[in-house]
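Chemist: Okay, here's the prediction I keep looking at, along with the sequence it came from:
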Amino acid sequence: MTRGNQRELARAKNQKKAAAAGGGRQDEMKDMTPQQRHEYDAAQLKAKLAAKAAAKAAAEANGGAPPAPAKGKK
């Protein structure tokens with residue numbers, strides 16, 4: 001094999017990158033029990049649905065025009 005330890009170097013680089021990036025949502029969920037996780041997810045979903053309903057109501061109030069797309073995330 002002519003590539004030597006390319007795979008091992010790439011794996012080490014990836015592990016270093018993943019450690020620097022942190023866990024994101026996983027860090028929040030790490031210490032939760034399954035019941036707490038279920039309640040957290042339900043609350044997040046409820047908030048998301050409420051925001052969507054508010055956006056729909058605002059669109060209907062504007063004559064049915066859809067709201068402007070959010071900037072930032074694609």
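Modeler: The structure has been received and is ready for your questions. Numbering: from 1, shown residues only.

Chemist: use CA for all of it now, contacts and neighbours both
Modeler: Will do.

Chemist: Could you point out the longest helix of this structure?
Modeler: When the chain is parsed with DSSP state H, its longest helix is helix 34-61.

Chemist: buried set for that one?
Modeler: residue 56 (16 or more other C-alpha atoms under 10 Å).

Chemist: same for that helix, what does it pack against?
Modeler: Taking 3 or more C-alpha pairs under 8 Å, 6 or more residues apart in numbering; DSSP states H and E as contact, there are no helices or strands that helix 34-61 lies on.

Chemist: Give me the mean pLDDT for it.
Modeler: Mean per-residue pLDDT for helix 34-61: 93.

Chemist: got it, and stretch 14-27?
Modeler: 77.

Chemist: State the distance from residue 63 to residue 56.
Modeler: Residue 63 is 11 Å from residue 56, where distance means C-alpha to C-alpha, to the nearest Å.

Chemist: Now the common contact residues for these two.
Modeler: Here residue 63 and residue 56 have no joint contacts, going by C-alpha atoms under 8 Å, 6 or more residues apart in numbering.

Chemist: Next up, the contacts around residue 54.
Modeler: Residue 54 touches nothing, counting by C-alpha under 8 Å, 6+ apart.

Chemist: ok, now how distant is it from residue 64?
Modeler: Distance, residue 54 to residue 64, using C-alpha to C-alpha: 13 Å.

Chemist: Please apply the same query to residue 52.
Modeler: Relative to residue 64, residue 52 is positioned 14 Å away (C-alpha to C-alpha).
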